[in-house]
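sequence and predicted structure, then a few things I'm wondering about:
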Amino acid sequence: MTLEAYLVTALAVVLTGISKSGFAGGLGILGVPLVALTMSPQAAAVLLLPILIGIDVLSVWRYRRAWQVRMIVALLPGAALGIGLGMMGFSRIDPDVLRIAIGTMALGFVLRFALARSPNTKPRASWPAILVASAVSGFAGFVAHAGGPPIKGTLLRAGLDKSAFVGTNAFFFFLLNLAKAAGYSALGLFTVESVVASALMLPCLFAGVGLGFALHRRVPQATFTALAHGLLAVAGINLLLIGGASFWSA
């Protein structure tokens, strides 16, 4: 790994650690695009996956008393369906079209929050909506590493407190990333070089997660909800820009 690649990857890991452990995402979706500035997107995804699992493990343990088991159980069937569809459609679907679709969905969640939420409005997530969102997340996560926004939007609509939101998100993506790791292993994508490169990022992983935990403790619930929606908007815009630029250039 070159010095440039190391520095860019270190920045991506710190941002991802802060985002996933403190606010359950948003900036985390920038990881692969950032690292892909210095290597192929596939290599970036392979390098980052063990790091993402490491962040998930720490977050799952930190928020172990805040998981919403009922919500996780509700999310898993759709996610399994989505992963299965992703495996079948991996070579057929255009990742850029998928990124545009997921980005649009993310901004739709944010727009609904901005326009419809009031002090008398009770957020809720219906079971059909949960099934669709988790299936889209499983599919998009396998095909284009863009499975975060549908789950984050669903959890925000469920009205969870900030620790339950982060903990439930962490546990779900821990399971999802383990399934992806099994798929990557079956495809022979992990190499000695990629594992060593991932291991070099451990100090950055711990630094990012530590900062995320500290920020999570200090941010009030109302501010957290606004920030979570703001980060979801960042993720949506990022997906639209990346997907749109690649789609039109092609």
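Noted; the coordinates are in hand. Residues are numbered from 1 along each chain as shown.

shaky segments in this protein?
Low-confidence segments of the chain (pLDDT under 70): 25-29, 89-91, 116-125, 144-145, 247, 250.

where do the helices sit along it?
For the chain, the helices defined by DSSP state H cover 3-22, 31-35, 41-62, 69-89, 95-116, 127-144, 148-157, 162-186, 192-200, 202-218, 221-249.

can you put those helices in a markdown table and add mean neighbour count?
The way it works is simple: take the backbone N, C-alpha and C, and place the C-beta from them, glycine included. Shown next, in a markdown table, are the helices of the chain (neighbours: other C-beta atoms under 10 Å):
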| stretch | mean neighbour count |
| --- | --- |
| helix 3-22 | 22 |
| helix 31-35 | 22 |
| helix 41-62 | 21 |
| helix 69-89 | 17 |
| helix 95-116 | 18 |
| helix 127-144 | 22 |
| helix 148-157 | 26 |
| helix 162-186 | 20 |
| helix 192-200 | 15 |
| helix 202-218 | 17 |
| helix 221-249 | 18 |
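
residue closest to the middle of the chain?
Geometric centre of the chain, nearest residue: Gly148, 3.6 Å, by C-alpha atoms, centre = their mean.

what separates that one from Phe113, distance-wise?
16 Å (C-beta to C-beta, to the nearest Å).

again with Ala36
30 Å.

swap in Gly230?
Taken as C-beta to C-beta, the span from Gly230 to Phe113 is 10 Å.

which residue is the nearest non-sequential neighbour of Arg64?
Nearest non-adjacent residue to Arg64, counting by C-beta to C-beta, 6 or more residues apart in numbering: Gly167, 7.2 Å away.

I'd say that neighbour and Trp61 touch.
No - using C-beta atoms under 8 Å as the test, Gly167 is too far from Trp61 to be in contact (9.7 Å).

residues in contact with Lys180?
If you count contacts by C-beta atoms under 8 Å, 6 or more residues apart in numbering, Lys180 has them with Leu49, Ile83, Gly141, Phe142.

same list (those residues) but as CSV, adding distance to Ile72.
Listed next are the contacts of Lys180 as CSV, based on distance: C-beta to C-beta, whole Å:
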residue, distance to Ile72
Leu49, 21
Ile83, 15
Gly141, 15
Phe142, 19
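
which among these gets closest to Ala66?
Using C-beta to C-beta, Gly141 is the member of the contacts of Lys180 that lies nearest Ala66, at 22.5 Å.

what is the burial count for the nearest residue to that closest one once chain neighbours are set aside?
Closest residue in space to Gly141, ignoring its immediate chain neighbours: Gly147 at 2.7 Å, by C-beta to C-beta, 6+ apart. For Gly147, the count of nearby residues is 29 (other C-beta atoms under 10 Å).

now Gly147: how far from Gly82?
8 Å.

what touches both of those two?
Val136, Ser137, Gly138, Phe139, Ala140, Gly141.

show me what contacts the second one?
Residues near Ser137 by C-beta under 8 Å, 6+ apart: Leu75, Gly78, Ala79, Gly82, Gly147, Gly148, Pro150, Ile151, Leu176.

now, the most widely separated pair of these?
Top of the distance list for the contacts of Ser137 (C-beta to C-beta): Gly78 and Gly148, 14.7 Å.

related to what we said a few turns ago, which of the contacts of Ser137 lies closest to Asp161?
For the contacts of Ser137, the nearest to Asp161 is Ile151 (16.7 Å; C-beta to C-beta).

if I pick the closest one, what's in contact with it?
Leu75, Ala133, Ser134, Ser137, Asn169, Phe172, Phe173.

list just the nearest of the residues you listed to Leu240.
Ser137 (17.4 Å).

what's the closest non-adjacent residue to that closest one?
Here the residue nearest Ser137, using C-beta to C-beta, 6+ apart, is Gly147, at 3.9 Å.
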